[in-house]
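Okay, here's the prediction I keep looking at, along with the sequence it came from:
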Amino acid sequence: MSYQLNREIELLKRVFLSLSTRVEENVALAAEAFQTLDVVKAKTVIENDIEINKEEIDVEEECLKILALHQPVAGELRYIISILKINNYLERIGDLAVSMAKKVVYIANDGTETLPVSFDFRPIMNKVKWMLKHSLDSLVQVDAPLAREVCREDDVVDAQKREAHNVIVGTLKANPDQCEVLLNVLSITRHLERIADHASNIAEDVIYMVEGAIIRHGGGDCAPKS
């Protein structure tokens, strides 16, 4: 790797790390806002997205500049391609956090002070935050085994989301007057599931970056490459 290419990649890593940290923090803040119906935190999530969008563009521009000027190959090329794809996932995750926050504001403005459903959302929120954190850690640490662990946890979130869905639907049937609020709660659980899906996608791209193995769409599984 040339000196100049190495400098460009190190700069990209710093910009990307800043973006991933902001996204991770915003997801955690959106989860806290949902748990307590905290409008102030929810509005902070929405405001934070402005800077996240700017940094997402910065990462993309850095990737494209490196590709155009240095034409990297092999491991460096896989790294840049992976960052481009993961950057897109982070932008989507950021948007999902904002959507969660907007629904929290709606629920709170409806006069609801506590979540009108007897379900503990902390396990699914904690699992989603864990998956996002460790998918990004696996990238920074170039850790394919950790990425595979993230992939395996996606089934856990799917099961938690189904459990939440069943409880919310049952509550909705018993309390049709709370239809709009409960539908917003249901949407938030779907957003959490989608964040987990994107975290799993990030982990899959880390595995591709490290091993050159494509495990998406039946191209492999979470078992270590032999």
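Structure's in. What do you need? All values reported here derive from a predicted model rather than from experimental measurement. Residues are numbered from 1 along each chain as shown.

Helices of the protein, start to end?
Secondary structure of the chain by DSSP state H: the helices cover 3-36, 39-70, 74-109, 122-140, 144-174, 179-211.

separation between Ile57 and Ala68?
16 Å (Cβ to Cβ, to the nearest Å). Yep, even glycine has a C-beta here, placed from its N, CA and C like the rest.

For this protein, which residues score under the pLDDT cut-off?
By pLDDT under 70, the low-scoring segments of the chain are 1, 213-226.

Could you rerun that using 90?
Within the chain, the stretches with pLDDT under 90 are 1-9, 69-79, 109-116, 177-178, 208-226.

Can you point out the buried residues in stretch 39-49?
Judged by neighbour count using 16 or more other Cβ atoms under 10 Å, the buried positions of stretch 39-49 are 39, 41-42, 44-46, 48-49.

Between the residues you listed, which sits nearest Leu172?
Sorting these by how near they are to Leu172, with Cβ to Cβ, puts Ala42 at the top with 22.5 Å.

Looks like that closest one contacts Gln35 (just checking).
No - with contacts defined as Cβ atoms under 8 Å, Ala42 does not count as touching Gln35, sitting 11.1 Å away.

In terms of neighbours, single out the busier of Ile57 and Ala68.
Counted by other Cβ atoms under 10 Å, Ile57 and Ala68 do not tie: Ile57 has more neighbours, with 13 against 8.

From Arg162, how far off is that one?
Shown here: Ile57 relative to Arg162, a distance of 36 Å by Cβ to Cβ.

cool, and Leu90?
From Leu90 across to Arg162, the span is 26 Å (Cβ to Cβ).
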